[in-house]
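**Student:** no letters, just coordinates:
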């Protein structure tokens, strides 16, 4: 079915997907894979400070704070909620990016203000692709970039490097777990 190798029956796609997840995966295995690879490594799916610090300790070049859109565990905290404490936990030992819920330039701005080096965007590009093909993806990127530029200007920031937490009103208890 599509690009899922070995799947010929769409009703078996959920079984195939379940087989792709290895519940025995641990930090020792991740380190082993990193050593075998020898190249740059980005770990996605980090959602707490302890895992973030372990990833940095192992030498991950970047981590992506993500709950995978709630597809894997729908009761997990949102990625944006965990972003700031994770950034604080790892400091400058590794780059931190945000994935999940990013739909606009304002969302990118919020992520950067909370310490992310960048934000992963998927859905907006898929919508653009579905509507207009390659030019739709370009158009979606242009919209997000324009929204980011306008939002930065409205916050008094001309450069992305000047974006900081001061531009946000963050409710007390928002970052770092359940309030």
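**Tutor:** Great, that's in hand. The model shown is predicted, which means the values in this text are computed figures rather than measured ones. Numbering: from 1, shown residues only.
**Student:** pLDDT at residue 10, what is it?
**Tutor:** With respect to pLDDT, residue 10 has a value of 67.
**Student:** who does the residue nearest to the spatial centre of the chain bridge with?
**Tutor:** In the chain, the residue lying closest to the centroid (C-alpha atoms, centre = their mean) is residue 99, at 1.9 Å. Here residue 99 sits in beta bridges with residue 120, going by DSSP bridges.
**Student:** state the distance from it to residue 173.
**Tutor:** Taking C-beta to C-beta, to the nearest Å as the measure, residue 99 falls 23 Å from residue 173. The way it works is simple: take the backbone N, C-alpha and C, and place the C-beta from them, glycine included.
**Student:** can you check residue 56 too?
**Tutor:** 25 Å.
**Student:** one more: residue 97?
**Tutor:** Distance, residue 97 to residue 173, by C-beta to C-beta: 24 Å.
**Student:** residue 165 too?
**Tutor:** Remark: distance between residue 165 and residue 173 (C-beta to C-beta) = 15 Å.
**Student:** between the two, tell me which one has more neighbours.
**Tutor:** Neighbours per residue (other C-beta atoms under 10 Å) separate residue 165 from residue 173, with residue 165 holding more: 13 against 9.
**Student:** not counting its neighbours along the chain, what's nearest the more buried one?
**Tutor:** Excluding its sequence neighbours, the residue lying closest to residue 165 (C-beta to C-beta, 6 or more residues apart in numbering) is residue 113, at 5.5 Å.
**Student:** thank you kindly, that will do.
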